[in-house]
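> only geometry, no sequence info:
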């Protein structure tokens, strides 16, 4: 059987890092085994789904470097790839279950269901539906409908044990009686997740379902549906989850959690892809490109424990990729962080070459850009306070007197300042750096001096002296 995997997001929000990680695992698995990677949009939650979110999902997947062989817009042999366009297909299989007596209409209200849930918990049992609507009389059904109740449709769960072998977690065993009859069609007539996903995966000939371990309980429900519908089921692999520093599931309280947010912060797609592909998989001692990651990907060797997201580690990886990219390649990534009217490509490449060792993300260029693009800089109160110190004023005065409007040999000027003031190291360089850049750190000072026009250097020193 050929390998076919899928990534099936719901377009109800931005692409979460955890979901992006799942997409990457599926993509690597498919590419390594020369299989197909399918994108399917699960958009039956009409209230929360939107075309805008779907478009963002696709854009951010492409930004990460993921391509799909079949999907919405691209098409494929098992189209359509949006669940909202497959409703007639689900109706066919629903009719089959109802005719076989494997499903029934449930008229229970939310209040009744909540009361049942609380009773189960109070008795020390897992929450489950009692099945009291299984044997409703026609008279009772008509009465409920006359009251305006809109029924859901529930699948009758048999009293048996569900077993399957997970490719990552090994032998799994669930007692179906603990699950209870679950909803397969909502009261609005749209299919519930477990029902639609079984039909889609079977008809699209998905060979492997690779997803987070929070879906384990869903897998038991889905296997029951595969068996009831007579559909071939795929292999399952449930990978550990992505956690925050407090070891709870990664969420907004931990900070940025979407691909879009990291994209806006100036992380390179190669860096985020690599980090998500390797976190929780035993790690890699060397930074690998996509082709090497594909060659080395091994689902069976994925770590068994949940992965803790480490922002500092991601920054380190991003800095590595940032330094490895040619300036002309970085320019394509950095445009969103530069003024829109930038025309001089050579100047931009030269500035990037100067500062790339001092920034952790592409967004960092915004902090340094004014130093190299405008004659005058605004100095903060903190900078002015430092420059008012006697030693700092002495350094600036000597530099200004030694400085000539023509190109200089700055090492010679530094030596003269040292001879006249007796200062060296940080005490000598910091006042100059603050006066010329407004920052405590950055590229080497002689590189800045060599790049800046002499008139700008003189004007900035004059301004600094006026403020002291």
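Nice, I can see it. Please read all numbers here as calculations on a predicted model, not as lab measurements.

> Give me the phi and psi for residue 242.
Here is the backbone geometry of residue 242 (degrees, to the nearest 10): phi -100, psi 120.

> what's downstream of the longest helix seen in the chain, the next helix or strand?
Using DSSP state H, we find that the single longest helix of the chain is helix 17-32. Scanning forward in sequence from helix 17-32 by DSSP states H and E, the next helix or strand is strand 36-39.

> And the contacts of that following strand?
2-8, 26-27, 30-31, 58, 61, 66-72, 74, 76, 78, 81, 204, 206 (CB atoms under 8 Å, 6 or more residues apart in numbering). Where you see a C-beta, it was placed from the backbone N, CA and C, and this is true even at glycine.

> which non-adjacent residue is nearest residue 7?
In space, residue 7 comes closest to residue 23 once its chain neighbours are excluded; the distance is 4.2 Å by CB to CB, 6 or more residues apart in numbering.

> Distance of the one you found relative to residue 83?
Distance, residue 23 to residue 83, using CB to CB, to the nearest Å: 17 Å.

> Same check on residue 90?
Residue 90 is 8 Å from residue 83, where distance means CB to CB.

> which intervals of the stretch 51-200 of the chain have sub-threshold pLDDT?
In the predicted model of the stretch 51-200 of the chain, no residue satisfies pLDDT under 70.

> Tell me which stretches of it form helices.
51-64, 87-99, 110-122, 138-146, 193-203 (DSSP state H, counting those that start in this stretch).

> Beyond the last one, next helix or strand please.
On the C-terminal side of helix 193-203, the closest following helix or strand by DSSP H and E is strand 208-212.

> Not counting its own residues, what contacts that following strand?
Under CB under 8 Å, 6+ apart, the answer for strand 208-212 is 3-6, 18, 22, 25-26, 29, 167, 201, 219, 234-241, 299.

> if we go to 7 Å?
Strand 208-212 is contacted by residues 3, 5, 18, 22, 25-26, 29, 201, 234-239, 241 when judged by CB atoms under 7 Å, 6 or more residues apart in numbering.

> cool, and stretch 145-165?
Contact with stretch 145-165 is made by 94, 97, 102-107, 129, 134, 171-177, 179-187, 219-220, 223-225, 236, as judged by CB under 7 Å, 6+ apart.

> What subset of those residues is buried?
Buried residues within the contacts of stretch 145-165, counting neighbours by 16 or more other CB atoms under 10 Å: 94, 97, 102-107, 129, 172, 174, 176, 179-186, 219-220, 223-225, 236.

> quick revisit: so for residue 365, which of the helices of the stretch 51-200 of the chain sits nearest?
Closest approach to residue 365 among these is made by helix 51-64 (18.5 Å; CB to CB).

> buried set for the closest one?
For helix 51-64, a neighbour-count test (16+ other CB under 10 Å) marks 53-54, 56-58, 60-61, 64 as buried.

> and what of stretch 152-166?
For stretch 152-166, by 16+ other CB under 10 Å, it's 152-157, 162, 164, 166.

> Specify which member of those is nearest to residue 194.
Among those, and counting by CB to CB, the member closest to residue 194 is residue 155, at 8.3 Å.

> out of the buried residues of stretch 152-166, which are inside strands?
Of these, the ones assigned to strands by DSSP state E are 152-155, 162, 164, 166.

> sorry, back to before: do you know which of the helices of the stretch 51-200 of the chain lies nearest residue 397?
Of all these, it is helix 51-64 that lies closest to residue 397, at 50.9 Å by CB to CB.

> How far away from the center of its chain is the closest one?
Distance of helix 51-64 from its chain centroid, counting by CA atoms, centre = their mean, to the nearest Å, is 11 Å.

> and the gap between the nearest residue to residue 43 once chain neighbours are set aside and residue 79?
Distances taken as CB to CB, 6+ apart place residue 49 nearest to residue 43, at 4.1 Å, with adjacent residues excluded. Using CB to CB, residue 49 is found at 19 Å from residue 79.

> So between the two, which is more surrounded?
residue 49 (20 against 14; other CB atoms under 10 Å).

> Can you pull out the low-pLDDT segments for the stretch 301-450 of the chain?
For the stretch 301-450 of the chain (pLDDT under 70), the answer is 405-408.

> all helices in it, in order from the N-terminus.
All helices of the stretch 301-450 of the chain, identified by DSSP H, counting those that start in this stretch, fall at 311-324, 327-334, 345-355, 365-373, 381-387, 390-402, 410-421, 426-437, 445-451.
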